[in-house]
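Enquirer: Sequence plus predicted model, see below.
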Amino acid sequence: DAGVTQSPTHLIKTRGQQVTLRCSPKSGHDTVSWYQQALGQGPQFIFQYYEEEERQRGNFPDRFSGHQFPNYSSELNVNALLLGDSALYLCASSLARSGYTFGSGTRLTVV
Amino acid sequence: GENVEQHPSTLSVQEGDSAVIKCTYSDSASNYFPWYKQELGKGPQLIIDIRSNVGEKKDQRIAVTLNKTAKHFSLHITETQPEDSAVYFCAASKKGSGNTGKLIFGQGTTLQVKP
């Protein structure tokens, strides 16, 4: 049973550019959450999607947006990239009262 | 606001010794407290969790205790092994019956188990 799959694993972008990260949840999971993890820090909640709608949002600017598709997969979009957006972006899936399952993340470097 | 404080930031123990990591949360409505292990280049992996209606939970060498009054919870690892070396994160969440609440993470503890 495949767990949470994220793509790409690494990418490098230039300041001002836009990026799209992708996530396929664990089989049977219907909720997808995105977290940003800066080097040496704990993950910070960006937002959560359920039934194709954003259900909760953390303290991140509108440059961060997302989408969930009918098959429960999700995308995270970041516009107008800043150097400070460099981080590991984690996707986590869950189902109702189950715990989260995290993917291995996408390492984004903004130069 | 919501906050989770985690201590210590680094912990070094000899193989076979016990390790204890402590966390304090600020939101009294928090009712779900998972612990994650993160190895280099990987995402966090759930190792144990506890809900607010339970004071202690054990799974083989790992145990978690919760003190709701003090808003404090701890991870205990006994008989540590070199493969326990990793970064450990505590987290707190408000989980409803039909949703998975956002996780508020601590800052992490780097555990080193020396052979």
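Expert: Received, thanks.
Enquirer: The lowest-mean-pLDDT helix or strand in chain A and chain B, are they touching?
Expert: Across the helices and strands of chain A, mean confidence by mean pLDDT, DSSP states H and E is lowest for strand A:53-57: a mean of 92. Yes. Judged by Cβ under 8 Å from any Cβ of the partner chain, strand A:53-57 comes into contact with chain B at A:R55, A:Q56. All C-beta spots, glycine's among them, are computed from the backbone N, C-alpha and C.
Enquirer: ok and whichever helix or strand comes after that strand relative to strand A:53-57, angle-wise?
Expert: Sequence-wise, the next helix or strand downstream of strand A:53-57 (DSSP states H and E) is strand A:64-68. Orientation check (axes from the mean of the first three to the mean of the last three Cα atoms, to 10 degrees): strand A:64-68 against strand A:53-57 gives 140 degrees.
Enquirer: Can you give the strand pairings for strand A:64-68, parallel or anti for each?
Expert: Pairing partners of strand A:64-68, with direction, according to DSSP bridges: strand A:74-78 (antiparallel).
Enquirer: Would you agree B:D27 falls within a helix?
Expert: No. Going by DSSP: H, G, I helix; E, B strand; the rest coil, the assignment for B:D27 is coil, not a helix.
Enquirer: name the helices or strands packed onto the least confident helix or strand of chain A?
Expert: With contacts defined as 3 or more Cβ pairs under 8 Å, 6 or more residues apart in numbering or on different chains; DSSP states H and E, the packing partners of strand A:53-57 are strand A:44-50.
Enquirer: hmm, back to that, by how many degrees do the least confident helix or strand of chain A and strand A:44-50 diverge?
Expert: 150 degrees.
Enquirer: in its sheet, what does strand A:53-57 sit against?
Expert: Short version: by DSSP bridges, strand A:53-57 pairs with strand A:44-50 (antiparallel).
Enquirer: Using CSV, write out the CA atom coordinates for the strand it pairs with.
Expert: C-alpha atoms of strand A:44-50 as CSV (Å, rounded to 0.1, in the frame of the first residue of the first chain):
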residue,chain,number,x,y,z
GLN,A,44,4.4,24.9,10.2
PHE,A,45,0.8,24.4,9.1
ILE,A,46,-0.1,26.0,5.8
PHE,A,47,-3.6,24.8,5.0
GLN,A,48,-5.9,21.7,4.9
TYR,A,49,-8.1,20.5,2.1
TYR,A,50,-11.2,18.3,2.4
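Enquirer: Spit out the contact partners of the closest residue to B:T110 other than its chain neighbours.
Expert: Beyond its immediate neighbours in the sequence, the residue positioned closest to B:T110 (Cβ to Cβ, 6 or more residues apart in numbering or on different chains) is B:T10, lying 4.8 Å away. For B:T10, the contacting residues are B:T109, B:T110, B:L111, B:Q112, by Cβ atoms under 8 Å, 6 or more residues apart in numbering or on different chains.
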